[in-house]
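Engineer: Return a 3D structure for these sequence lines:
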Amino acid sequence: MDDSNAEIKLNAVNLGGWLLWEGWIWGSGFNSEQKVMANIEKRAGTELGQAFRDSIYQNYVTQQDIAAIAEMGFNCVRIPINHTLLGNATTEGNFALLDSAVAWCKQHNIYAVIDMHALPGGQSPLFISDPDPVNLWKSEDNKSSSVALWYNIALHYAHEPTVAGYDLINEPNTRE
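Structural biologist: Numbering: from 1, shown residues only. Model prediction:
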């Protein structure tokens, strides 16, 4: 339902590879974002690696892309993110990139679904969750950080009808 209780059908495009890097998208096989970034920094150095990351954040998806998605008849984008994008889960966080995407969507009448692809520690050992040695399920700190992170996201977008929904935990593996 939209903000005026009219039924809507979401017809979405996935913005994978932008705010969470998966090695297969980047030509790096089945590697996590941490491994992809480590390989870039190993070859180019930390400063150039960080500049590359910033460039991807600013240019991989732009307002023109959202406009093109709308022109093609889609009405929604799925935005996979890494928890690291938002900074420390105990503070309000750094929402600048996500806010830009939501603003572009709003301008072009596109809904956004925010997908937590990588929670603190990683919700599975698979590369898609950018796992750490101690995953989400084995760490009370990671669990608490995840709850705080989602609380801050929900609070931040509580009055934003452009945000159609959330994928709280992408592809969890609770048997770890």
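Engineer: Just give the nearest non-adjacent residue to residue 112, would you?
Structural biologist: With Cβ to Cβ, 6 or more residues apart in numbering as the criterion, residue 112 has its nearest non-adjacent residue at 4.7 Å, and that residue is residue 105. Every C-beta, even on glycine, is put in place using the N, C-alpha and C of the backbone.
Engineer: Surely that neighbour and residue 111 touch.
Structural biologist: Yes. At 6.6 Å, residue 105 counts as touching residue 111 under the criterion of Cβ atoms under 8 Å.
Engineer: Overlap of the contact sets of the two?
Structural biologist: Shared contacts of residue 105 and residue 111 (Cβ atoms under 8 Å, 6 or more residues apart in numbering): 77, 162.
Engineer: Return the distance of residue 137 relative to residue 146.
Structural biologist: From residue 137 over to residue 146 the distance is 10 Å, taken as Cβ to Cβ, to the nearest Å.
Engineer: one step back: would you double-check that the residue nearest to residue 112 falls in a strand?
Structural biologist: No. Judged by DSSP: H, G, I helix; E, B strand; the rest coil, residue 105 forms no part of a strand; its state is helix.
Engineer: Kindly list the longest helix within the protein.
Structural biologist: Of all segments of type helix in the chain, defined using DSSP state H, the longest is helix 140-156.
Engineer: That one: which residues count as buried?
Structural biologist: Buried residues in helix 140-156, counted by 16 or more other Cβ atoms under 10 Å: 142, 145, 146, 148, 149, 150, 152, 153, 156.
Engineer: okay, those in a markdown table with distance to residue 83 and pLDDT next?
Structural biologist: Below are these laid out as a markdown table (distance: Cβ to Cβ, whole Å; pLDDT from 0 to 100):
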| residue | distance to residue 83 | pLDDT |
| --- | --- | --- |
| 142 | 9 | 94 |
| 145 | 8 | 92 |
| 146 | 7 | 94 |
| 148 | 10 | 92 |
| 149 | 6 | 92 |
| 150 | 10 | 93 |
| 152 | 11 | 91 |
| 153 | 10 | 94 |
| 156 | 14 | 94 |
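Engineer: so where's this protein uncertain?
Structural biologist: 88-93, 176 (pLDDT under 70).
Engineer: Which parts of it are helices?
Structural biologist: 33-44, 46-59, 63-71, 96-107, 140-156.
Engineer: any idea which of those helices is most buried?
Structural biologist: Comparing the helices of the chain by mean neighbour count (mean count of other Cβ atoms under 10 Å), helix 96-107 ranks first with a mean of 18.
Engineer: Alright, that wraps it up for me.
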